[in-house]
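**Q** got a sequence here, can you build the structure:
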Amino acid sequence: MCTERILRLIAGTVILLSLGLGCFVNRHWLLLTAFAGFNLLQSGFTNRCPAKWLLERAGTHSDKYCG
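**A** This is a model prediction of the structure:
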């Protein structure tokens with residue numbers, strides 16, 4: 001699976017999980033939603049993402065090799 005696709009899956013999972021925890025457990029979990037949103041925003045401007053770096057170091061394929 002491509003790095004970009006895995007990143008989108010991770011971001012969506014973190015956002016939905018933290019929203020659920022924020023609604024049903026403790027509202028402080030919503031800070032995780034804010035962090036995920038901020039990270040998506042800054043990576044859109046800077047094209048740098050810590051999760052992408054970790055995934056590439058773990059051996060996922062970059063987007064140019066995926067079809």
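**Q** read off the pLDDT value for Tyr65.
**A** In the prediction, the pLDDT value recorded for Tyr65 is 64.
**Q** how far is stretch 57-64 from where the chain is centred?
**A** Averaged C-alpha coordinates place stretch 57-64 at 15 Å from its chain's average position (CA atoms, centre = their mean, to the nearest Å).
**Q** show me which positions of that stretch end up buried.
**A** Thr60 (16 or more other CB atoms under 10 Å). In short, each C-beta sits where N, CA and C put it, glycine included.
**Q** cool, and stretch 33-52?
**A** Thr33, Ala36, Ser43, Cys49, Lys52.
**Q** between these, which is nearest Met1?
**A** Each of the buried residues of stretch 33-52 was scored against Met1 by CB to CB, and Lys52 proved nearest at 13.3 Å.
**Q** pLDDT (mean, whole number) over the one helix or strand the closest one maps to?
**A** Applying DSSP states H and E as the criterion places Lys52 in helix 50-58. The pLDDT scores in helix 50-58 average 89.
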